[in-house]
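Asks: Return atomic coordinates for the entry below.
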Amino acid sequence: MPTTTLSRAAATPTARVRIADDRAMLKAAAELTRDLNAPRPAVYWADFLGSVAIGYAGLAVAIAATPLWLTIVAGVVAMFALYRGMSFIHELTHVKHASLPHFRLGYNIFIGVPMLVPSFMYEGVHNLHHARTRYGTSDDPEYLPLALMKPWSLPVFVLVAALAPFALIFRYGVLSPLSLLSPSLRRMVVERFSALAINPQFRRRLPEGDFRRQWIAIETACAVWAMSLIALVATGTLPLRAFAIMMAVASGVAVINQLRTLVAHLWENEGEVMTVTAQYLDSVNVPPPATLPALWAPVGLRYHALHHLLPGVPYHALGEAHRRLSTVLDRESPYYKANYVGMPGLIAKIARSTMLPR
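Replies: Alright, predicted model coming up:
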């Protein structure tokens, strides 16, 4: 699909906010994909478990290997495979759990607890990003006007992700047990350190009911694992080299995810409520024939703009949805204006935006 660009007027943040909904595009998206909404459990489980198996096998080889080149190659394989496995947390926030029995449990056992990124850190958070009147506003936990910020904000945004694995060990291995002794600390931990969010002003609500009970069980498992890691390293039971490789792979996963986040949107909204079409145009598709997005935007994330039009369509059906819409919609449709070639050009576009005088 050839990449198209927005007109000069539509490319400005103010113009983008004022874009009216394109009824033809929204109608086509709804009507052409009604049969694609059912998730296929076999696809989910095979993809997820395969990613997990390759990821941990690669990590084991990286730790056991003697040649540096093999450690690096195995580490990179582990990084991309575990990143793909972790990306299923996004699907968990959209899919009806009855249609994917025990998938949340499987995610937490194989990825959520070992990598300290449990499902509750996204459930109840990501859905706010898709709320019609929240997207791009101060109430959106996953939005910052990055394209309108200072040039130094972009490298800081990416590099801080490298510290995420250490922050997560501290959050679960230290703050979780300490928060049992202090209600005020507990509230702070839940509100500020229990969400995969980039908006520093976001505060999540305390969990209630069944979700609270599920949260406590998963957080307890994370805390036990984090405290065990700290103890194993402190006593020398886990060699520093092995721990360093584990942290390097986990940091790599976090950095890749942050880079993918950086190019998931154009980040040009300054807090105004946007139409669905404006939200779509502020988001990014990186469709075929590009191949690298399969690595850095896995599990359907290469169709992020389309996902904002059709949040209920499972990841394995987004490619077919894109094909159907591309076949039917007129070339003048705004649908094509959210398609881009790849990550470098998108990063450059955002970087240029940060350098413009305000």
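Asks: where does Val290 land on pLDDT?
Replies: Just to correct that, residue 290 is Ala rather than Val. Predicted confidence (pLDDT) for Ala290: 89.
Asks: next one: the one 10 residues further on
Replies: At Gly300, the predicted lDDT confidence score is 96.
Asks: how much space is there between it and Tyr135?
Replies: From Gly300 over to Tyr135 the distance is 19 Å, taken as Cβ to Cβ, to the nearest Å. In short, each C-beta sits where N, CA and C put it, glycine included.
Asks: out of those two, which sits in the busier spot?
Replies: Tyr135 (24 against 21; other Cβ atoms under 10 Å).
Asks: That one and Tyr143 touch, don't they?
Replies: Yes. Using Cβ atoms under 8 Å, Tyr135 is in contact with Tyr143, at 6.8 Å.
Asks: Need the overlap of contacts for those two.
Replies: Common neighbours of Tyr135 and Tyr143, counting by Cβ atoms under 8 Å, 6 or more residues apart in numbering, are His129, Asn269.
Asks: And the longest helix seen in the chain, how far out from the chain middle?
Replies: The longest helix of the chain (DSSP state H) is helix 209-234. For helix 209-234, the separation from the chain centroid amounts to 22 Å (computed by Cα atoms, centre = their mean, to the nearest Å).
Asks: could you pull out the helices for the stretch 101-250 of the chain?
Replies: Assigned by DSSP state H, counting those that start in this stretch, the helices in the stretch 101-250 of the chain fall at 103-107, 126-129, 153-159, 164-170, 176-179, 183-192, 209-234, 240-262.
Asks: Mean neighbour count for these - can I get that in a markdown table?
Replies: Supplementary listing: these in a markdown table, determined by neighbours: other Cβ atoms under 10 Å:
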| stretch | mean neighbour count |
| --- | --- |
| helix 103-107 | 19 |
| helix 126-129 | 19 |
| helix 153-159 | 15 |
| helix 164-170 | 18 |
| helix 176-179 | 17 |
| helix 183-192 | 14 |
| helix 209-234 | 16 |
| helix 240-262 | 19 |
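Asks: Adding mean pLDDT and distance to Leu68, write those helices out as a markdown table.
Replies: Listed next are the helices of the stretch 101-250 of the chain as a markdown table, based on pLDDT from 0 to 100; distance: least, Cβ to Cβ, whole Å:
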| stretch | mean pLDDT | distance to Leu68 |
| --- | --- | --- |
| helix 103-107 | 97 | 33 |
| helix 126-129 | 94 | 39 |
| helix 153-159 | 93 | 24 |
| helix 164-170 | 97 | 22 |
| helix 176-179 | 98 | 36 |
| helix 183-192 | 97 | 39 |
| helix 209-234 | 97 | 22 |
| helix 240-262 | 97 | 11 |
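Asks: Tell me which of the ones you listed sits nearest to Ala278.
Replies: Closest to Ala278 of the helices of the stretch 101-250 of the chain is helix 126-129 (Cβ to Cβ; 14.8 Å).
Asks: Tell me the gap between the closest one and the middle of its chain.
Replies: 12 Å.
Asks: Dump the C-alpha coordinates for that helix into CSV.
Replies: Presented in CSV, the C-alpha positions along helix 126-129 are these (Å, rounded to 0.1, in the frame of the first residue of the first chain):
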residue,chain,number,x,y,z
HIS,A,126,-6.1,0.9,28.4
ASN,A,127,-9.9,1.0,27.9
LEU,A,128,-9.7,4.7,29.0
HIS,A,129,-7.4,5.4,26.0
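Asks: what does it rub up against?
Replies: Looking at helix 126-129 with Cβ under 8 Å, 6+ apart, the contacting residues turn out to be His90, Thr93, His94, Arg134, Tyr135, Asp139, Asp140, Pro141, Glu142, Tyr143, Leu196.
Asks: measure the residue at the greatest distance from the centre of the chain to Val117 for me?
Replies: Each residue of the chain has a distance to the centre, and by Cα atoms, centre = their mean the biggest one is for Thr235: 34.6 Å. Separation of Thr235 from Val117 (Cβ to Cβ): 26 Å.
Asks: Quick one: neighbours of the spatially closest residue to Ala30 that is not a sequence neighbour, just the number.
Replies: Spatial nearest neighbour of Ala30, excluding adjacent residues (Cβ to Cβ, 6 or more residues apart in numbering): Leu310 at 7.9 Å. Applying other Cβ under 10 Å, we find 20 other residues in the vicinity of Leu310.
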